[in-house]
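J.: build me a structure from this.
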Amino acid sequence: MESEAQTPRRVPLTSPQNSEPPGRPGSPAPSSTGGRPNSFAVSVLAAMIPSRKPLRSTHPPKPPKILSIDKAWKRYGKEPPDVILALPYDTLRTLPAVILDELPPDRLGNLPDDVLQRVSPSTLARANTSVLMRLPVQILAGLPTARLLTLDPAKLAQMDPRWLADFLREVPQTSQQLMSNREVVSRLLQLPPEEFIRLPCRALEMVPSEIFKRMSPHIWGKVSCERLLSFPDNMRVAYPIGMPGRLDPPEEQADDLGVPIATPSIRTTSLTSASTAVWPPEGAPSLPQNSRPWLPTMPPIAPLAPFMPPTSKPAPPLPPTMPDIKAEMQQSLNGIRLDDLKIEREQLKSELRTEREKLNRQLGSLEAEKNHLEASKAQLELEKRKTAEAIRHHLKDKNLGNIDRGQDEVQILIEFNKDQHRYVVDLERKAAWWEDEHRKLHSQWISLDARRQELEAKLQEAAHAHARTKQEIKDQKSVVRALDASKLEVVRLQTTLTRVEATWEAKLEKRESELLEYYTSQQSELNEELRLLKLEKLKWEKDIDALNAQRQSEQLALVNNYEVQIQTQQAEYSAQFHDMQQKLHEYYQAQFEDSGRQREEMHRQYTSELLERITSLESSLVDNSDDFRPATDDSLRNKYQNLKLTIDTITFNLGTVTFPRGTRLDRGGFLEREGKGEEVYLLRSIIWEKLQQGFFSLPFGLGALGPGDGKKRLLDLFVAYRRISGLEPPGLANLTEQECIKVFRTDKEVNIWRSSTFQTLGTALIPKKGKSASDPDQEQHAPYFQNREQVLNSIKAVLGEVCAGVSEDMEQTVTELVHQAGELALEFGAQRAELGFESPPQGSSVQIGRGFIDCIDDDTYRDELKTVALAVSPKFYKTGDGRHDLTSTKLIAQGTIFSARS
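T.: Below is the predicted model of the structure:
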């Protein structure tokens, strides 16, 4: 594009839609009196003189610097809509569209107008009509047609009439729906008539013709010929009869640059009778050469053939409307890549340079022709003065002697003036035609420049879209790399898990073989005892059979011995015999029933003894000798008090404690509510929270190895024990964390196993006096030491954040604190009863003296309900005794709270 210093500025001409240019072909000829045509031609030609002030090109304001997608997601990606909408205006202007698209459609109305314009069309399409009416018409044109057709015409009728006019021009597909609403039409009728008549034809064809008939003729006179030709029938009917119009199609020709030049036609009488005038008009007088021998010879007029209008050609096609051009450009841009857009931009720049050069050459030719016409005019004026002077001298020399000759000369002078007048009129018409051509060329140049700016804007948008796409691809690649790293870490963890599982499986197989061998030996002993019992049972059965046989033989002997007596004394002893026989039957029946009851009782007794022996054998699988001695409540209370005293000592010896404003450590806003001076209680609460998270996250000591991998290993070990002991059949799903805790609270044998397991862990992890500590790098010991190191580092980080510095003695004290907490957690697991810590949530109510006391007032307000502002230290409780009682809960040590003062 040429520099502004080289771009000429033309004097603004009257718009062809507002007024007719003077001297246009077909307009009435100017008067021939008083030299007025010469001054008029001079004014017309002066309008074409370029000035020195260059044209100004309007550029869109520089957009704000938008944050990258990565930074925007890190800062605001997880924020709720209320936080996003509460951001300052300068921050909202820097958010990318991907963040704004996450806002709910019903909250878009809270955004500023310039920020709302950067929301994607897909998100704007889901917003309500009141939000869409705040957008510029150019952005509304980019929404889907289906959404635009759902806009409420009644709400659109409340908008400014000029906004409605722009909306109809940019979105012509909604013309039929909007113009069918009376409120919209009434609103548009508030526009001035010259603006109302410029609405799109698709909208005007819905307006009754009576409205156009009420328009004054001068409004119709401001409409261009091309515009009149595109009017619908309801407007053609309303066109005033007898008005000079321009409804005939303009003739056009192609200049030497290939740009069509429309030649206006005229209408002389009405819409039905018209004649096309061709420049120059037929029969127009011309100034012959050498027809006046006594006048000086005039210079010839340069030919204007390349720029003269043609005789007749068919009407050109109507120019496309702006929505059609935008739709075509949008459709073409959707399928074009950025490289293609760059190539097309270079081609368009080349074409624009070529067109600009052609227009400059044509403007130079027009200016040369104008200068030539001005020179001809000046020469005619000079000749006129010379002729008048010659006539005056001639008449003076003749002294009016020859009146006839003087009259002839006067007549010749009159005819010369008429010829000169016709020539000036001809020049004026040519000047008007050149002015019209200059205006058209200037409008073409403006349209080409506007199209260039539009293409550059679309190219910039495409470049931004390409940059966003590249950034998204880069983000996806980074995510893929992170996934690959995660996969490698998963493979490494799976390998470690496989190795650990193999180790534990080998140990379990060894233990299982030992248990199986012991069980086999015990079973063989029991089988031997069972065999002896069976032999004894057979002996008893033989004895019973012998007794029965003996009794039967005695019966037979008695029968044989007394058969004769019975026969002789049958009548006498029949009754006695019957009684004896009945008694004998009852006796045998009683003996048989007694022997059956004895067998059943012996079988039941031996079965119960076997079950008791099997149960004792199963219990001996875990611990052959139950020599467990539970810790006393006083010893547990002393360990808790030592832990609490160490924390109080650390917070007291730190000195001045300062929490930054809005720190993440005070998530509950304790300092903001209670004010300064209470920082030490907040620090104690944070240290207790770190210890509870690291060692006491679950009761029964299950959190002693940490909340992560260590806890999982303990639960997996418990599941393996259940499978070996037959409590969990193979193929069923493992118990969840809460289900495992429920089992510990209801099963005595499981607590015995837990106690034995934690005693073994405590022996391996906590060295006794005079013995070296365990190796932290050993795989089976690593979770405990790693968890202890993590808790230690987290507490040191908190202390380093709230105070100026931590001394070496203080660091040693913190290390001892963490070691004490880890040992106490292992002690929780080694006890068969349930031991645990409990802290009340913030805002809850507790009864003073019933588990908690106030850290300032102690138990002064005993049995009163207090609202918890901060849980300083947890309470220490014990449930059951691990042997017979599994439900009763006992308080070992009370916790402390900071009650709300307001």
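J.: so where is the stretch 701-850 of the chain shaky, pLDDT-wise?
T.: 727-734, 768-780 (pLDDT under 70).
J.: quick one: which helix or strand includes Arg832?
T.: Assigned by DSSP states H and E, Arg832 falls within no helix or strand.
J.: residues contacting it?
T.: Phe628, Pro630, Lys748, Asn751, Ile752, Arg754, Ser755, Gly880, Asp881, Gly882, Arg883 (C-beta atoms under 8 Å, 6 or more residues apart in numbering). Yep, even glycine has a C-beta here, placed from its N, CA and C like the rest.
J.: out of those, which comes closest to Leu100?
T.: Checking the contacts of Arg832 against Leu100 with C-beta to C-beta, the nearest one is Arg754 at 55.3 Å.
J.: who does the helix or strand that closest one falls within touch, helix- and strand-wise?
T.: Counting by DSSP H and E, the element that carries Arg754 is helix 748-765. Applying 3 or more C-beta pairs under 8 Å, 6 or more residues apart in numbering; DSSP states H and E, one finds that helix 748-765 makes contact with helix 570-622, helix 709-725, helix 737-744, helix 808-830.
J.: how far does that helix sit from its chain's centre?
T.: 51 Å (C-alpha atoms, centre = their mean, to the nearest Å).
J.: so after it, what's the next helix or strand?
T.: That would be, after helix 748-765 and using DSSP H and E, helix 782-802.
J.: quick one, which of the helices and strands packed on helix 748-765 is packed in tightest?
T.: helix 808-830 (a mean of 19; mean count of other C-beta atoms under 10 Å).
J.: the inter-axis angle of that one versus helix 782-802?
T.: 140 degrees (axes from the mean of the first three to the mean of the last three C-alpha atoms, to 10 degrees).
J.: quick check: end-to-end length of stretch 797-811?
T.: End-to-end distance for stretch 797-811: 11 Å, by C-alpha to C-alpha, to the nearest Å.
J.: please renumber the chain so that the first residue is 13 from this point on.
T.: In the new count, where the first residue is 13, that last one comes out as stretch 809-823.
J.: now the helices for the stretch 463-612 of the chain?
T.: 575-580, 582-634 (DSSP state H, counting those that start in this stretch).
J.: what about the spatially most central residue of the chain, is that helix, strand or coil?
T.: Centroid-nearest residue in the chain: Glu114, 3.3 Å away (criterion: C-alpha atoms, centre = their mean). Classification of Glu114 using DSSP: H, G, I helix; E, B strand; the rest coil returns coil.
J.: state the distance from it to Val95.
T.: 12 Å (C-beta to C-beta, to the nearest Å).
J.: ok, the residue nearest to Ser856 when sequence neighbours are not counted - contacts?
T.: Nearest residue to Ser856 in three dimensions, chain neighbours excluded: Val880, at 5.2 Å (C-beta to C-beta, 6 or more residues apart in numbering). Applying C-beta under 8 Å, 6+ apart, we find Val880 in contact with Pro852, Pro853, Gln854, Gly855, Ser856, Ser857, Val858, Ile909, Phe910, Ser911, Ala912.
J.: how close does Val880 sit to Asp869?
T.: Taking C-beta to C-beta, one finds Val880 at 14 Å from Asp869.
J.: anything in contact with each of those two?
T.: With C-beta under 8 Å, 6+ apart as the test, Val880 and Asp869 both reach Ser911.
J.: check the gap between Ala469 and Arg463 for me.
T.: In terms of C-beta to C-beta, Ala469 sits 11 Å off from Arg463.
J.: also Ala109?
T.: Distance from Ala109 to Arg463, by C-beta to C-beta: 27 Å.
J.: follow-up on the earlier one: would you turn the helices and strands packed on helix 760-777 into JSON lines with distance to Lys549?
T.: Formatted as JSON lines, those follow (distance: least, C-beta to C-beta, whole Å):
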{"stretch": "helix 582-634", "distance to Lys549": "7"}
{"stretch": "helix 721-737", "distance to Lys549": "33"}
{"stretch": "helix 749-756", "distance to Lys549": "41"}
{"stretch": "helix 820-842", "distance to Lys549": "48"}
